[in-house]
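*Asks:* Sequence and computational prediction follow.
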Amino acid sequence: MGHLQQDRRQRRTRQALRDALLGLLRERRYEAISVQDIVERADVARSTFYEHYLDKDDLLLGSQGVFTNPSQPTLPPDDADTAILAPARFWFAHIAAQKPALAAMAKDTALKLALENLREIIHEDIQKAVAARYPQDSPAGVPAAIIVEHLTGSLISLIAWWVAHDMAYTPEQMNDMFRRLALPGLAAIIGADIAARPDDSTV
C-alpha cells in the first residue's frame with residue numbers, strides 16, 4: 001500500500017472515530033461512553049482505535065481529536081514583541097469552527113474537559129506572547145506571570161460564556177469586546193501607547 005493511500009485511510013479512520021464519539025455524545029453522557037462503544041459505532045477494530053488514540057480523552061482532546069489543538073500562525077517578526085492579545089483573535093475563530101462538536105458536548109463533562117484543556121493551551125500561548133515583549137520582567141511592578149494569568153482567566157471565561165450562550169456573537173465581535181475589556185488594564189501596566197494600536201496583529 002502506497003504512503004498516500006495509507007495516509008488517506010488513516011484520516012478516514014480518525015474521522016470515523018471522531019464522528020462516532022460526537023454521535024454518542026448526542027445520546028449519552030461522556031462518562032457513560034466506552035472505547036468499545038466508540039469502535040462499534042465507527043465499525044473499526046479496537047486495536048485500530050489504539051493505533052490512533054491513547055484513550056477516549058485523547059480522542060476528545062488530543063492533537064488529532066474532536067477538540068483539536070491547532071497550530072497558531074506565527075506572527076510577523078515586527079509585530080511579535082507586541083502581540084500580547086493576538087492569541088484571542090485566533091482562539092475565538094477556532095472555537096467558532098468547533099461549534100458542532102461543542103453543541104454535542106453541551107451540559108456534559110466533555111465540555112468541561114475541553115475547556116480545561118483549552119485553558120492550558122491558551123495560557124501557554126499568552127505566556128509566549130508576554131515573554132516575547134518582556135524577556136525580563138514587566139514594568140509597573142506587576143510580574144509577567146500575573147499578567148498571563150489575568151489575561152488567560154479573562155479569555156477563557158469569555159469563551160465559556162460565549163459557548164454557553166450558543167455563540168450569539170461573531171468571533172470578531174467577541175475579540176473586539178475582549179480587547180476593549182483588556183486594553184485599559186494593559187495600558188496602565190505597559191504604557192498608554194499600546195491602547196492606541198487599533199490592529200489586532202500588533203497588540
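*Replies:* Good, I have the coordinates.
*Asks:* does Met174 sit in a helix, a strand or a coil?
*Replies:* helix (DSSP: H, G, I helix; E, B strand; the rest coil).
*Asks:* count of neighbours near it?
*Replies:* 24 (other CB atoms under 10 Å). Any C-beta I mention is one placed from the backbone N, CA and C, and that applies to glycine too.
*Asks:* Next up, identify which helix or strand the nearest residue to it once chain neighbours are set aside is on.
*Replies:* In this structure, Met174 finds its nearest non-sequential neighbour in Phe92, 4.7 Å apart by CB to CB, 6 or more residues apart in numbering. Following DSSP states H and E, one finds Phe92 within helix 86-97.
*Asks:* name the helices or strands packed onto that helix?
*Replies:* helix 109-133, helix 144-164, helix 171-190 (3 or more CB pairs under 8 Å, 6 or more residues apart in numbering; DSSP states H and E).
*Asks:* follow-up on the earlier one: what sits against the residue nearest to Met174?
*Replies:* Phe92 makes contact with Ile159, Trp162, Pro171, Glu172, Met174, Asn175, Phe178 under the criterion CB atoms under 8 Å, 6 or more residues apart in numbering.
*Asks:* what mean pLDDT does stretch 121-135 have?
*Replies:* Averaging pLDDT along stretch 121-135 gives 83.
*Asks:* would you put the C-alpha positions of it in CSV?
*Replies:* Extracted C-alpha coordinates of stretch 121-135, given in CSV (Å, rounded to 0.1, in the frame of the first residue of the first chain):
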residue,chain,number,x,y,z
ILE,A,121,-3.2,25.8,25.7
ILE,A,122,-4.3,29.5,25.9
HIS,A,123,-2.2,30.0,29.0
GLU,A,124,0.9,28.8,27.0
ASP,A,125,0.1,31.0,24.0
ILE,A,126,-0.3,34.1,26.1
GLN,A,127,2.8,33.3,28.1
LYS,A,128,4.8,33.1,24.9
ALA,A,129,3.3,36.5,23.7
VAL,A,130,4.1,38.2,27.0
ALA,A,131,7.6,36.7,27.2
ALA,A,132,8.3,38.0,23.7
ARG,A,133,7.6,41.5,24.8
TYR,A,134,9.2,41.2,28.3
PRO,A,135,12.0,38.7,28.3
